[in-house]
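Asks: Here is the input, now give the coordinates:
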Amino acid sequence: MTSPRVLRTVRSLAAILALSGFGVGLPSGALAYEERVHQLIGERAFPVPGPAPSAAGQADLDELRVATWRAGAAHPDPGVRARFLARFPSEPSFDPWAWKQFLGLTAEARVVGLDVPPAPAPDGRTLLALSSRLPDEDRRNVERFAHAPDRHVLRDDKGLPLPLDPAQLDMGALTGLSSQAWAHYGLPRLAFSDSPDVLKTEPRRWAWPPTAKAFAPEMAQVHTDVALAAATSGTPGGRALGLVWLGAAHHYMEDVSNQIHTLQAVYPFFRDAKIESWKENLFSLWGLLRPRPGFEEIGLGIIKNHHLFLEDLWGARTADAVAGLPGGAGAQAGLAALARGDAEEERALDALRLDPAGPFARAIAEQVIDASSLEGAEVYLTARELARPRLSRARYVYQAATADAELRPSPDPAQLARFYELEAKGFGRAASAIRRHVLLYDQETARAARSEADRVAVRDAVLRRLVADRMDARDAEDSRLASWLAAKGITPR
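Replies: Numbering: from 1, shown residues only. As a prediction, this is how the structure comes out:
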């Protein structure tokens, strides 16, 4: 039986990892895949460019927003309709700010394809690939706060902002870049445990709290439904707008193809932080000789160091491979995997028998998470074996784009090969996921193109689903926030 002291200490690791998420205050390179890699996945996964669509303009954006309000106001389910109108009672009230709140995005963000028209692209593939960068670039999931009816940010008695949904805090901080982790992580469909023994032996099944939630599948589905609604609008730029939202949906699928975005923690980082904490206490005479960092600060630094290191290492090798440089030899398999896909993932997706008229994006993302989470711990642990030990020391800070300098002088060839192999598997899985996603999307838009009646039927169905799903999600967020505020004795201001 685990002692309470050990349990408390291991739970502190969860706080560290929740704060690290994407890395508090880290540059964009600390994300699951940096933006240039998201773009590369789209460019290499679709070898044949689609025709250039007509550019989307403000009229296309406005039509999509208004059509969504009308679908909610006339929803055939009386309960859904009443809940929608209680939040958005009139068409003018459903402005871009409210449209973002409805979709679960950061209301203050300037979202491409919602607030501002997307830039034109030479062909469909390029538009998809560029749009996969957008969820990072326009910060649509960062610092999602609760708001009063007059739209001011709700705060506690210390003046700190309150989260829209306290579940966000399971995976990241309230502010800073890690505050978007709730939307860019996905956890496997398992019963989680907070037992340290589980963390040691099966980290994909460990979570703190055991009710932890992450929402990449939901974000993939929301973006896909908006994409289908845009593509079936009948407006001149509707097809282009649909591809923009479709490419943005790929971002979330690609994130969870990166295995470290499907679990919270690995035990050796906790152990490293504990050892360094003891050393800091000893060398500082428990703070008498000099200030000392605490366990959580040390642990956060170790996680940040390795997160940056492994992402930079793979990004650098991938860039070398694209350029045909000798240093990219280890990543050539990753580029090949983008073209080939992942046969095992294809079979798993085949077995799902996904319906293009159903919520197929969520199902694809969940399947990817289940597979990726089996490898997440090994990716972190392999990177730990490749990195210089100083990345696990207190006070040491990894500097961006220095992965080669942080490799051990003679890295174990087997460990390095395994690291490249795991990263290539993530690439293959991402390629298979987004290709299947586009195939189903194309099938549904082709059905809509058969006749005007089919177009209207497809669009009505997807907007009704979007409204019903979002009302359920918003009500669940409100319920969690009310319980959280009550438990903490906070009166919002």
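
Asks: Helices of the stretch 151-300 of the chain, residue ranges please.
Replies: 181-184, 196-201, 216-231, 238-257, 267-283, 295-323 (DSSP state H, counting those that start in this stretch).

Asks: To I41, which of the ones you listed lies closest?
Replies: helix 238-257 (5.5 Å; Cβ to Cβ). All C-beta spots, glycine's among them, are computed from the backbone N, C-alpha and C.

Asks: what distance separates the closest one from the centre of its chain?
Replies: 12 Å (Cα atoms, centre = their mean, to the nearest Å).

Asks: swap in stretch 267-281?
Replies: 29 Å.

Asks: how about it: buried residues?
Replies: 267, 269-270, 272-274, 276-277, 280 (16 or more other Cβ atoms under 10 Å).

Asks: do the same with stretch 85-97
Replies: 85, 87-88, 94, 96.

Asks: Stretch 456-465 too?
Replies: Buried residues in stretch 456-465 (16+ other Cβ under 10 Å): 457-465.

Asks: thinking again about what came up before, lowest-confidence one in the buried residues of stretch 267-281?
Replies: Minimum pLDDT for those is recorded at F270 (86).

Asks: That one contacts G299, correct?
Replies: Yes. Using Cβ atoms under 8 Å, F270 is in contact with G299, at 6.8 Å.

Asks: Not counting sequence-adjacent ones, nearest residue to A430?
Replies: Excluding its sequence neighbours, the residue lying closest to A430 (Cβ to Cβ, 6 or more residues apart in numbering) is S257, at 3.6 Å.

Asks: ditto for L354
Replies: Nearest non-adjacent residue to L354, counting by Cβ to Cβ, 6+ apart: F360, 4.4 Å away.

Asks: Quick check: next helix or strand after the host helix or strand of A339?
Replies: Element membership for A339, per DSSP states H and E: helix 332-340. With elements assigned by DSSP H and E, the helix or strand that comes after helix 332-340 is helix 343-352.

Asks: helices or strands up against that following helix?
Replies: helix 360-372, helix 413-448 (3 or more Cβ pairs under 8 Å, 6 or more residues apart in numbering; DSSP states H and E).

Asks: now whichever helix or strand comes after the last one, how far from the centre of its chain.
Replies: The element immediately downstream of helix 413-448 (helix or strand, assigned by DSSP H and E) is helix 452-488. Relative to its chain's centre, helix 452-488 lies at 19 Å (Cα atoms, centre = their mean).

Asks: Please identify the buried residues of helix 452-488?
Replies: 455, 457-471, 473-474, 477, 480-481, 484-485.

Asks: relative to helix 216-231, how tilted is it?
Replies: 150 degrees (axes from the mean of the first three to the mean of the last three Cα atoms, to 10 degrees).

Asks: closest one to L374 among the helices of the stretch 151-300 of the chain?
Replies: Closest approach to L374 among those is made by helix 238-257 (12.5 Å; Cβ to Cβ).

Asks: where exactly do the strands run in the stretch 1-150 of the chain?
Replies: Read by DSSP state E, counting those that start in this stretch, the stretch 1-150 of the chain holds no strands at all.

Asks: ok, back up a step: the helices of the stretch 151-300 of the chain: which one's closest to D115?
Replies: Closest approach to D115 among those is made by helix 238-257 (12.4 Å; Cβ to Cβ).

Asks: Counting by contacts, list what the closest one packs against.
Replies: Short answer (3+ Cβ pairs under 8 Å, 6+ apart): helix 238-257 packs on helix 35-45, helix 58-73, helix 124-131, helix 134-137, helix 181-184, helix 216-231, helix 360-372, helix 413-448.

Asks: possible to save these as CSV with distance to A405?
Replies: Rendered in CSV, the data for those read as follows (distance: least, Cβ to Cβ, whole Å):
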stretch, distance to A405
helix 35-45, 21
helix 58-73, 46
helix 124-131, 31
helix 134-137, 26
helix 181-184, 28
helix 216-231, 32
helix 360-372, 29
helix 413-448, 15
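
Asks: so can I have CSV of these showing mean neighbour count and distance to G287?
Replies: Putting these into CSV (neighbours: other Cβ atoms under 10 Å; distance: least, Cβ to Cβ, whole Å) gives the following:
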stretch, mean neighbour count, distance to G287
helix 35-45, 22, 42
helix 58-73, 19, 56
helix 124-131, 24, 51
helix 134-137, 22, 39
helix 181-184, 28, 32
helix 216-231, 27, 41
helix 360-372, 24, 41
helix 413-448, 21, 37
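
Asks: Touching stretch 379-386 from outside, list them.
Replies: Here stretch 379-386 makes contact (Cβ atoms under 8 Å, 6 or more residues apart in numbering) with 259-260, 266, 268-269, 306, 309-310, 313, 391-392, 407-408, 411-412, 415-416, 418-419, 422-423.

Asks: CA atoms only for that stretch, dumped as PDB, please.
Replies: In PDB, the C-alpha atoms belonging to stretch 379-386 read as follows (Å, rounded to 0.1, in the frame of the first residue of the first chain):
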ATOM      1  CA  VAL A 379       8.700   8.700 -26.400                       C
ATOM      2  CA  TYR A 380       9.400  10.700 -23.300                       C
ATOM      3  CA  LEU A 381      11.600   8.000 -21.800                       C
ATOM      4  CA  THR A 382      13.600   7.500 -25.000                       C
ATOM      5  CA  ALA A 383      14.200  11.300 -25.200                       C
ATOM      6  CA  ARG A 384      15.300  11.200 -21.600                       C
ATOM      7  CA  GLU A 385      17.900   8.600 -22.500                       C
ATOM      8  CA  LEU A 386      19.200  10.500 -25.500                       C
END
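
Asks: Buried residues, that stretch. List them.
Replies: 379-384, 386.

Asks: what's the spacing between V37 and E423?
Replies: 10 Å (Cβ to Cβ, to the nearest Å).

Asks: overlap in contacts of those two?
Replies: Common neighbours of V37 and E423 (Cβ under 8 Å, 6+ apart) are W314.

Asks: Now do the phi/psi pair for the closest residue to A240 other than its chain neighbours.
Replies: In space, and not counting its chain neighbours, A240 is closest to P53: 3.9 Å by Cβ to Cβ, 6+ apart. Backbone geometry at P53, expressed as degrees, to the nearest 10, gives phi -80, psi 160.

Asks: Now do the same contact list for P53.
Replies: By Cβ under 8 Å, 6+ apart, the contact list for P53 reads 124, 127, 237, 239-240, 243.

Asks: Just put the residues you listed in a markdown table and tack on pLDDT and distance to L325.
Replies: Listed next are these as a markdown table, based on pLDDT from 0 to 100; distance: Cβ to Cβ, whole Å:
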| residue | pLDDT | distance to L325 |
| --- | --- | --- |
| G124 | 94 | 30 |
| L127 | 96 | 29 |
| G237 | 97 | 40 |
| R239 | 96 | 38 |
| A240 | 97 | 35 |
| L243 | 97 | 32 |
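
Asks: which pair in those residues spans the largest distance?
Replies: Greatest spatial distance among these (Cβ to Cβ): G124 and G237, at 13.3 Å.

Asks: of the buried residues of stretch 85-97, closest to I41?
Replies: Nearest to I41 out of the buried residues of stretch 85-97 is P96 (Cβ to Cβ; 29.2 Å).
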